[in-house]
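> Starting from these lines, generate the structure:
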Amino acid sequence: MRAPGKRLPVRYSSTITAMPAKLTVLRSLGLGATSSIIICNMVGQGVFLKARVMTCNVGSPVLMTTAWVVAGLLALCGALTFAELGAAIPESGGIYAFLRRAYGKPIGFAFGWMLLFVASPASTAALAAGAAIFFNLASGHALDRFTGSANLFGITFTLSGMQSAAIALLVAVTAINCAPALVNGRIATVFAVLKIAMLAAVTLAAFGLGHGALANFAASGAGGACTGVAPTTRFGLPGFAAALIGALYAYNGWHSVTLVAGEVKNPGRAFPAALGASVALVIGCYVAANVAFVYVLGPLAIASLPPGSSVGITVVETLFGPIWRTIAAAFLFASVAATLHVTILTNARVTYALAKDGLGFGILARLSARARVPVNAVLANCALAAVLVVIGSFDTLSDYLIFNIWVFFVATAGAVFVLRRREPALPRPYRTIGYPVVPAIFMAVAGWLLVQTLLSNPRNSFIGLAVVALSFPYYFWQRRRQRA
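Reported below is the predicted structural model:
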């Protein structure tokens, strides 16, 4: 019998072993890698393609430049707003986690559904196809001489050379994304430096060689062929709204690093610094590059280019001669391939987070034991994109989802207001600069653009909303199965 107050010695058996810890992603992305992911995702093919259609929309180099500045400031307002959420809720999936916490799981699931089944495969397929186009130009149209075939689910498809090259690039970049996040962060850093250097070189060469004219900026109501540009989106407020949407396409990707929030080291410091500095740098590069394009070519020549033409390649050819067209195409191939690399990297984390929450697709939540990477989610995104490359419908899907992506952007910015009111004690290492004005400006301008898009293209907007609406029946069915 023990004395009162005296504890018996605790004996531990040497045969007891600890339960293995559940695998989680590793926080291995520093400030440099975080900034590089943003730059790589933003600087792709848009800055080299959108000057033509934007010039047709507004008819004035000054208004076109203004659209680039306004769209850039809108992206910066969004980046500063999202940085608060990334610093406070540093979880894999980013926007998915923010929406889930602010509005509930069904809204978060709707975003994950949209990204998994449409937005991610459509954007990934479009990037792979764009890279194949630039590779074809750089190789002297070698891909045009190749035709192959593939069997998918018992159906035989004939593949062009560019489709085959796009699928091959998808497979190669997907394999790279199966490596640890630290390795992929270093790859993104190398490509980010190359992209900024390429933009700076073209801009400086345009002004330094003196082959342009300042009189080009005095043009107003510029004509040109403007092939494929709808008359309803030319000039006035509708034209400026269309030019803004075109510029926002080129700026797209500023939000991407929030999707890998679970793998960012010191997110309270990294998110505001990386998002603010990277977006500001890209704004400066984009505005300077487009001013250089107008200086060299003039608005009439830009507006008269064929649809899909790269203004950047045309400027390089004008400055240095036809031989440099091939070199410029090779650089653009590398630029788009780098954007494809970080797009697969970031989008797969949303799929992983959605599956990890038990909302179906459980196999996609598995991490590789050594690299701690959601390999199955990476492979699933690649497979869906490859299907779209084969059937060639990713452009249509992208048109449907542009509206929906910005709906979720507005909702995510609103989450800052919701969480500040509902969870005032939530640790916030960074608070949005200029709150509440900055997030309110972002929501107001983005909402205006949504209204303009709805009015100018109601069919695609409603189809996109219908695709997202399909997520809710599936979500509640899945929840009933889990409760049963």
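> Show me the strands in the chain, by range?
In the chain, the strands defined using DSSP state E lie at 147-152, 155-160.
> Measure how far stretch 334-352 is from the centre of its chain, please.
8 Å (CA atoms, centre = their mean, to the nearest Å).
> With distance to Gly130, mean pLDDT and mean neighbour count added, can I get the strands of the chain in TSV?
In this view, the C-beta of every residue, glycine as well, is placed from N, C-alpha and C. As requested, the strands of the chain are exported to TSV (distance: least, CB to CB, whole Å; pLDDT from 0 to 100; neighbours: other CB atoms under 10 Å):
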stretch	distance to Gly130	mean pLDDT	mean neighbour count
strand 147-152	20	72	11
strand 155-160	15	79	12
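> Now tabulate these in a markdown table and tack on distance to Met54.
Output for those, formatted as a markdown table (distance: least, CB to CB, whole Å):
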| stretch | distance to Met54 |
| --- | --- |
| strand 147-152 | 36 |
| strand 155-160 | 30 |
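> among these, which is nearest Ala51?
strand 155-160 (27.8 Å; CB to CB).
> Can you name every helix or strand that that closest one contacts?
Here strand 155-160 touches strand 147-152, helix 375-391, going by 3 or more CB pairs under 8 Å, 6 or more residues apart in numbering; DSSP states H and E.
> Which neighbours in the sheet does it have, and how are they oriented?
Here strand 155-160 has these sheet partners by DSSP bridges: strand 147-152 (antiparallel).
> Let me see the contact set for the closest residue to Ala88 other than its chain neighbours.
Closest residue to Ala88 apart from its sequence neighbours, by CB to CB, 6 or more residues apart in numbering: Arg428 at 4.8 Å. Shown in contact with Arg428 (CB atoms under 8 Å, 6 or more residues apart in numbering): 84, 87-88.
> Can you lay out these as TSV showing neighbour count?
Output for those, formatted as TSV (neighbours: other CB atoms under 10 Å):
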residue	neighbour count
Glu84	26
Ala87	25
Ala88	23
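> how near is Phe293 to Ile323?
Distance, Phe293 to Ile323, using CB to CB, to the nearest Å: 20 Å.
> neighbour-wise, which of the two wins?
Each of Phe293 and Ile323 has its neighbours counted (other CB atoms under 10 Å); Phe293 has more, 30 against 8.
> From what I see, that one and Ala51 are in contact.
Yes: counting by CB atoms under 8 Å, Phe293 touches Ala51, with 5.2 Å between them.
> So for the two, which residues contact both of them?
302, 311.
> re the thing from before, out of the helices and strands packed on strand 155-160, flag the one nearest Val202.
Going by CB to CB, the one of those nearest Val202 is helix 375-391, 29.1 Å.
> which residues touch Leu170?
Leu170 neighbours (CB under 8 Å, 6+ apart): 124, 128, 340, 382, 385-386, 389.
> do that again at 7 Å, thanks
The contact partners of Leu170, by CB atoms under 7 Å, 6 or more residues apart in numbering, come to 128, 382, 385-386.
> Looking at these, which two lie furthest apart in space?
Maximum pairwise distance in the contacts of Leu170, criterion CB to CB, is 9.5 Å, between Ala128 and Cys382.
> quick one, which of these two is more surrounded?
Shown here are Ala128 and Cys382; by other CB under 10 Å, Ala128 has more neighbours (30 against 23).
> pretty sure that one is touching Val390, no?
No: using CB atoms under 7 Å, Ala128 makes no contact with Val390, being 11.3 Å away.
> check contacts around Asn381.
When contacts are counted by CB under 7 Å, 6+ apart, Asn381 is found next to 120-121, 124, 344, 347-348, 351.
> Distance-wise, check it relative to Ala425.
The gap separating Asn381 from Ala425 is 36 Å, by CB to CB.
> Ala469 too?
Between Ala469 and Ala425 the computed distance is 35 Å (CB to CB).
> Between these two, which has more neighbouring residues?
Taking neighbours as other CB under 10 Å, Ala469 and Ala425 compare with Ala469 leading, 12 against 5.
> List the contacts of the more buried one.
Ala469 neighbours (CB under 7 Å, 6+ apart): none.
> oh, and call the first residue 47 from now on, that's how I've got it
Noted, 47 is the first residue going forward, which turns the last one into Ala515.
> Ala384 versus that one, what's the distance?
According to CB to CB, Ala515 and Ala384 sit 35 Å apart.
> count of residues packed around the closest residue to Ile291 other than its chain neighbours?
Take Ile291 and drop its neighbours on the chain: the residue closest to it by CB to CB, 6+ apart is Leu495, 6.3 Å away. Residues lying near Leu495 (other CB under 10 Å) number 21.
> doesn't Gly292 make contact with Leu495?
No: checked against CB under 7 Å, the pair Leu495 and Gly292 is beyond contact range at 11.3 Å.
> residue boundaries of the helices in the stretch 197-346 of the chain?
Per DSSP state H, counting those that start in this stretch, the stretch 197-346 of the chain carries helices over the ranges 207-222, 227-254, 282-297, 313-343, 345-349.
> next one: the last one to chain centre, how far?
Think helix 345-349. Relative to its parent chain, helix 345-349 has a centroid offset of 28 Å by CA atoms, centre = their mean.
> What residues sit buried inside it?
345, 347-349 (16 or more other CB atoms under 10 Å).
> cool, the first one as well?
The neighbour-count check on helix 207-222 (16+ other CB under 10 Å) flags 207-213, 215-216, 219-220 as buried.
> Lovely, talk soon.
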